Each structure stands twice: as C-alpha cells, then as structure tokens.
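**Student:** sequence and predicted structure below; questions after.
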Amino acid sequence: MSERVATEKHVEISIGDLRFPGTLGSPPGARGLVLFAHGSGSSRLSPRNVHVARGLHQAGLATLLFDLLTEREDRVYETRFDITLLSERMLGAAEWALAEPATKALRLGFFGASTGAAAALRAAAKLGPEVFAVVSRGGRPDMTGAVLADVRSPTLLIVGGRDTTVLGLNRRAFAQLRAEKELAVVPGATHLFEEPGALEEVTRLAADWFVRHLGAP
C-alpha cells in the first residue's frame, strides 16, 4: 500500500480572547478529524502524539494538535491539572473545527493523553453526538468526574501493562462508562510507551478505533 502524504499547516485557534497555535494535518480524502489533547507539562509538539498523528494520517484521518494552555498558564503547575479549563479548551477547538471550511464536513474524534484524556472525555460528554469516538493513551479518565457516565462517544482506553497504578485507575473508570467501550492493555509497556513497538501498537489500536467509528471517506 502506498504511503499517504499529509499536508501539515500551522493554524491559529481562537478561543474567547485567546489564540492558540496548532498543527492541522490533512491526508487526501480524509474520513474524519482527530483532535489531540496533550498531557500535563506537554504541548502540541509532544513527540508521542506527533508519532500517533502521523500514523493516523496513513489511515486516512486528519489531525489537529494544539496547545491547551498559554505559555503563562503552563508555568502554573496547578493549571496543568485544571480539567475544567482544559475541557473548555477542547470545546473551543471543536467549535473551531466545526466552523473551519477545511474541516467542518469531517466527523470529530478526540485523542487524549494523561490528563488530556480527562479533558477530552469531559468535552465529549458536553458535545454528545458531535464526537464520534474517543481514545485515551495512558490517560486519567478517573479525573473526568461524575460526567464520565454521561459520555456517549465510543471510547477506547489504552494502557501499558506495566503502568500498574494507571491501569487500576482505568479499570475503575471503565466500569463507569456507559458508552460502547474497550480497554486495551499493551503488554510490557510502561506509562510513556517507550518500549520497542509499544507506540506503534498504540497507533494501530487508535487508528482502527477511529476508522471504525468515524466512517468511510
């Protein structure tokens, strides 16, 4: 199969009075758009999220990686864990994507890592049918709060087999989810999926889930 070449361009997302830089990656004939929510202390430049995004391009999916916090906000440790604020930023980015001419016709999916997974799930609960799928990588769905039971988007939780504390938290959150759901454990992987082949497995699992739920081109 020939490799898909995605066009990547820098965009600026307006949320309230603030502007957030982002990278929009679009392969030919994209079948959906996946918004990425990075974890605490990270950014749109997260090498792991960039790796997954480029794998999604090969599956025919467009991606949007953007900063959830301003530089000033990110310097405040507590703000990195403000799930309410982070989810509001996800909602703002989703509204931008639904209005942007290049992306408004695409079905939306959310990909969240670490605390970003909680923000993605909380935003998905708010948006309801506008979000067709959610994937969490080493995420903290337990930080979503009571609205976790309100999520109706098909949700895939991916956790490393050796990330025992987070795996336990994901199992408890999994029991609270009422949507179509799946918990995938990557054997031998730790929290950052740094082991050989681990991140590739995350990418494969995520791509399969999004392709299944975002539909054909």
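**Tutor:** Sure thing, it's come through.
**Student:** make it CA atoms for all contacts and neighbour counts henceforth
**Tutor:** Will do.
**Student:** after the worst-scoring helix or strand of the chain on mean pLDDT comes which helix or strand?
**Tutor:** Ranking every helix and strand in the chain by mean pLDDT, DSSP states H and E puts helix 71-74 at the bottom, with a mean of 75. Scanning the chain past helix 71-74 towards its C-terminal end, the next helix or strand to appear is helix 83-99 (assignment: DSSP states H and E).
**Student:** tell me the buried residues in that following helix?
**Tutor:** Across helix 83-99, burial judged by 16 or more other CA atoms under 10 Å covers 83-84, 86-98.
**Student:** about what we covered before: now the least confident helix or strand of the chain, how far from the centre of its chain.
**Tutor:** Remark: helix 71-74 is offset 21 Å from the chain centroid, using CA atoms, centre = their mean, to the nearest Å.
**Student:** what does stretch 194-210 give?
**Tutor:** The gap between the average C-alpha position of stretch 194-210 and the chain average comes to 13 Å, counting by CA atoms, centre = their mean.
**Student:** beta partners for the residue most central in space within the chain?
**Tutor:** Centrality entry for the chain: nearest residue to the mean C-alpha point is Phe111, 1.4 Å, by CA atoms, centre = their mean. Under the criterion DSSP bridges, Phe111 forms beta bridges with Phe36, Val135.
**Student:** am I right that Arg204 sits in a helix?
**Tutor:** Yes - under DSSP: H, G, I helix; E, B strand; the rest coil, Arg204 falls within a helix.
**Student:** pull the number of nearby residues for it.
**Tutor:** Using other CA atoms under 10 Å, Arg204 has 15 neighbouring residues.
**Student:** for Gly215, same thing?
**Tutor:** Gly215 is surrounded by 12 other residues when neighbours are defined as other CA under 10 Å.
**Student:** the nearest residue to it once chain neighbours are set aside in helix, strand or coil?
**Tutor:** The spatially closest residue to Gly215, leaving aside those adjacent along the chain, is Arg31, at 6.5 Å (CA to CA, 6 or more residues apart in numbering). Of the three states, Arg31 takes coil according to three-state DSSP.
**Student:** tell me who's in contact with Arg31.
**Tutor:** Contact partners of Arg31, counting by CA atoms under 8 Å, 6 or more residues apart in numbering, are Gly60, Leu61, Ala62, Leu106, Arg107, Val211, Leu214, Gly215, Ala216, Pro217.
**Student:** any chance of those residues in CSV, plus secondary structure?
**Tutor:** As requested, the contacts of Arg31 are exported to CSV (three-state DSSP):
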residue, secondary structure
Gly60, coil
Leu61, coil
Ala62, strand
Leu106, coil
Arg107, coil
Val211, helix
Leu214, helix
Gly215, coil
Ala216, coil
Pro217, coil
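**Student:** only whichever of these are buried, select them in PyMOL.
**Tutor:** Applied in PyMOL, the following selects the buried portion of the contacts of Arg31 according to 16+ other CA under 10 Å:
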select buried, resi 60+61+62+106+107+211+214
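**Student:** could the contacts of Arg31 go into JSON lines alongside pLDDT and distance to Arg19?
**Tutor:** Converted to JSON lines, the contacts of Arg31 look like this (pLDDT from 0 to 100; distance: CA to CA, whole Å):
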{"residue": "Gly60", "pLDDT": "94", "distance to Arg19": "28"}
{"residue": "Leu61", "pLDDT": "96", "distance to Arg19": "25"}
{"residue": "Ala62", "pLDDT": "96", "distance to Arg19": "21"}
{"residue": "Leu106", "pLDDT": "96", "distance to Arg19": "23"}
{"residue": "Arg107", "pLDDT": "96", "distance to Arg19": "24"}
{"residue": "Val211", "pLDDT": "96", "distance to Arg19": "30"}
{"residue": "Leu214", "pLDDT": "94", "distance to Arg19": "28"}
{"residue": "Gly215", "pLDDT": "74", "distance to Arg19": "31"}
{"residue": "Ala216", "pLDDT": "52", "distance to Arg19": "32"}
{"residue": "Pro217", "pLDDT": "46", "distance to Arg19": "31"}
